[in-house]
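In: structural data only, the sequence is not supplied:
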């Protein structure tokens, strides 16, 4: 029998405890989309987390579904009572009111800063954020894991962007890396100028076999046309909505477009 001997391990320096980021893993915009899925299945009825997870399209409770449910609770879109959760009054205001309604705008603002970390960032930085580098330093000094910091920043910036687009508030429309610049009143006015009446879609007569054309104007000018060929059902409309939702990220927000236009105009001015 061979007996090996090893020196007893020497105590090293105390390990640094890395804080588990307590923040919503998805932006407010995506959380509201997920809330709509819950509403379609359960309406306002309370349900267990497992039932909600299945309503969100998951087989059951796992890391991903628990993260989504946790985000809905952090934003205050759902509330827990005992072993069950249900859509909150704030969540109902977002689901049932239209954009532009006072109740909708109030609920959006409250939800955005429902997460404790987001309230902390708002209280510390106000309405104009610094660069991502500055935010990384701040969060890492707070003990956040460096591997998760970039996702924290992305979710927070996306949420602020969504609030600005939905409420027209004079708040930061964040830039990805250089940090946000708070919009001036003139720029904000051009961003949030709204048409007094909502855009009305029109459905034209078929121009070909089994063809339908839906057209509606943009509030800021321009229009869009969607041509359907073949049989159009609610499932087809849902599919188109999903595709447009994916495509949306490839385009700038209104606030970002204003900043781009101002930068282009500045470049064209004579020195």
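Out: Thanks, I have the structure now. No experiment lies behind these values; they were computed from the predicted model shown.
In: buried set for the helix or strand containing residue 133?
Out: Using DSSP states H and E, residue 133 maps to helix 132-141. For helix 132-141, burial by neighbour count (16 or more other CB atoms under 10 Å) applies to 132, 135-136, 138-139. (C-beta placed from N, C-alpha, C; glycine too.)
In: buried residues in stretch 78-93?
Out: Within stretch 78-93, the residues scored as buried using 16+ other CB under 10 Å are 78-79, 85-88, 90-93.
In: farthest pair in the residues you listed?
Out: 85 and 93 (17.4 Å; CB to CB).
In: looking at this, residue 231 is in a strand?
Out: No - counting by DSSP: H, G, I helix; E, B strand; the rest coil, residue 231 is not part of a strand but coil.
In: report pLDDT for it.
Out: pLDDT for residue 231: 74.
In: same thing with the one 5 residues further on?
Out: For residue 236, the model assigns a pLDDT of 74.
In: ok, it - contacts?
Out: The contact partners of residue 236, by CB atoms under 8 Å, 6 or more residues apart in numbering, come to residue 228.
In: which strand or helix spans it?
Out: Element membership of residue 236 [criterion: DSSP H and E] is helix 234-248.
In: nearest residue to residue 163 in space, please, no chain neighbours.
Out: Take residue 163 and drop its neighbours on the chain: the residue closest to it by CB to CB, 6 or more residues apart in numbering is residue 112, 4.8 Å away.
In: touching, the one you found and residue 159? I think so.
Out: Yes - taking CB atoms under 8 Å as the definition, residue 112 is a contact partner of residue 159 at 5.3 Å.
In: closest one of the buried residues of stretch 78-93 to residue 128?
Out: Using CB to CB, those come closest to residue 128 at residue 90, 26.0 Å.
In: what packs against the helix or strand harbouring the closest one?
Out: Taking DSSP H and E as the criterion, residue 90 maps to helix 89-96. With contacts taken as 3 or more CB pairs under 8 Å, 6 or more residues apart in numbering; DSSP states H and E, helix 89-96 sits against helix 28-42, helix 102-112.
In: could the ones you listed be laid out in JSON lines, adding distance to residue 67, mean pLDDT and mean neighbour count?
Out: Below are the helices and strands packed on helix 89-96 laid out as JSON lines (distance: least, CB to CB, whole Å; pLDDT from 0 to 100; neighbours: other CB atoms under 10 Å):
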{"stretch": "helix 28-42", "distance to residue 67": "11", "mean pLDDT": "95", "mean neighbour count": "19"}
{"stretch": "helix 102-112", "distance to residue 67": "17", "mean pLDDT": "95", "mean neighbour count": "19"}
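In: among those helices, which comes closest to residue 66?
Out: Closest to residue 66 of those is helix 28-42 (CB to CB; 12.8 Å).
In: tell me the angle the longest helix seen in the chain makes with helix 89-96.
Out: If you go by DSSP state H, the chain has its longest helix at helix 146-167. Helix 146-167 runs at 60 degrees relative to helix 89-96, counting by axes from the mean of the first three to the mean of the last three CA atoms, to 10 degrees.
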